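> What would the 3D arrangement of this be:
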Amino acid sequence: MEQSQVDLTNCDKEPIHILGEVQSHGFLVAIDVSTGLINYVSENIAGFIKEDPQTLLGKNLEFLGDALDLNIPGSKFLFNQLSNTGFGNKGIESLNPYYVELAGKPSNIILAAAEDDLIIEFEILIKDEFESQKVIGSSISKILTGTTLESILHNAAKEIKAIINYDRVMVYQFGDEGHGKVVAEEKEPGLIPFLNLHYPASDIPKQARELYKINLTRIIADVNAILVQEFEILEILYELFSN
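I've put the predicted structure just below:
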């Protein structure tokens, strides 16, 4: 996808919801909900299969499972369940995260319905899943010790920072017109505080705000990582008929 120059005057036109790239710590497969066949794959799936990634395009989930050599029997149950309930059923997101073993490594499958496609993301787990659940449970208890909305939001920023170890965590409140205010913050010492600062609607443009409604969690694992391109079936058909 061709990248254009983005600045403060046109950032509201940046197509952040259709970048055609994924972060490198996981890989992505998109299934056409009407056919059940693979529409897109990210090119870094090549590190997990023996075949050329483009051979997956137009194939079904059974072919994908065999190509990836998913070693947990539950993966076949998941794929069968997806086939039976319908790939476009947004209720499938209740299955997240779905544990599998990928290339001998504990991994999660994350499902998301997106218009005409079912997005299936694979992420290798770094931390012990049980330990993570204990940490999250403890943090929720601490968050709920607040007796006012302000104290609950402050606790939330503090506990989330402790979990994800970011330099700064902010709770941002949007106004009716898209403008916003930082209503809670937890940061590293030495950073300039943003608490109680107000920002115009253009700071977080409309397409970004709409994306938050669809994808409730958006995390950048490494801001310096090289993004991975996606292959799509239309690109392959174009190459076939143009040669």
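> for the chain, what spans make up the helices?
61-68, 74-85, 129-143, 149-164, 206-214, 233-242 (DSSP state H).
> And the fifth one, what's buried?
Translated: helix 206-214. For helix 206-214, the neighbour count (16 or more other Cβ atoms under 10 Å) marks Ala208 as buried. Bear in mind the C-beta positions are built from the backbone N, C-alpha and C, glycine included.
> other SSEs contacting that helix?
Helices and strands touching helix 206-214, as assessed by 3 or more Cβ pairs under 8 Å, 6 or more residues apart in numbering; DSSP states H and E, are absent.
> Give me the below-cutoff pLDDT ranges for the chain.
The chain contains residues with pLDDT under 70 at 1-25, 69-93, 126-137, 214-215, 220-243.
> Domain-wise, how is it divided?
For the chain, the structural domains run 11-126+220-242, 129-204, going by automatic domain parsing.
> Also compute the angle for the top strand by length along the chain relative to helix 61-68, please.
Counting residues, the longest strand found in the chain (DSSP state E) is strand 105-114. Computed by axes from the mean of the first three to the mean of the last three Cα atoms, to 10 degrees, the angle separating strand 105-114 from helix 61-68 equals 150 degrees.
> What is strand 105-114 packed up against?
helix 74-85, strand 98-102, strand 117-124.
> Show me what that strand pairs with in its sheet, parallel or antiparallel.
Next to strand 105-114 in the sheet, as set by DSSP bridges, lie strand 98-102 (antiparallel), strand 117-124 (antiparallel).
> Any idea which of these gets closest to Leu64?
strand 117-124 (8.3 Å; Cβ to Cβ).
> Just the buried residues of that closest one, please?
Asp117, Leu118, Ile119, Ile120, Glu121, Phe122, Glu123.
> Correct me if wrong: the second one contacts Ala30.
Yes - if you go by Cβ atoms under 8 Å, Leu118 and Ala30 touch, sitting 7.0 Å apart.
> which residues touch the residue nearest to Ile204 when sequence neighbours are not counted?
Distances taken as Cβ to Cβ, 6 or more residues apart in numbering put Gly180 closest to Ile204, at 6.7 Å, once the chain neighbours are dropped. Contacts for Gly180 (Cβ atoms under 8 Å, 6 or more residues apart in numbering) come out as Tyr172, Gln173, Phe174, His198, Tyr199, Ala201, Asp203, Ile204.
> Which of the residues you listed has the largest number of neighbours?
Within these, neighbour counts (other Cβ atoms under 10 Å) peak at Ile204, which reaches 18 neighbours.
> For Lys50, see how far away it is.
According to Cβ to Cβ, to the nearest Å, Ile204 and Lys50 sit 43 Å apart.
> still on that earlier bit, could the contacts of Gly180 go into JSON lines alongside distance to Asn108?
Output for those, formatted as JSON lines (distance: Cβ to Cβ, whole Å):
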{"residue": "Tyr172", "distance to Asn108": "27"}
{"residue": "Gln173", "distance to Asn108": "31"}
{"residue": "Phe174", "distance to Asn108": "30"}
{"residue": "His198", "distance to Asn108": "38"}
{"residue": "Tyr199", "distance to Asn108": "34"}
{"residue": "Ala201", "distance to Asn108": "35"}
{"residue": "Asp203", "distance to Asn108": "32"}
{"residue": "Ile204", "distance to Asn108": "28"}
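> and of these, the nearest to Asp66?
Once Cβ to Cβ is applied, the member of the contacts of Gly180 that ends up nearest Asp66 is Ile204, at 42.6 Å.
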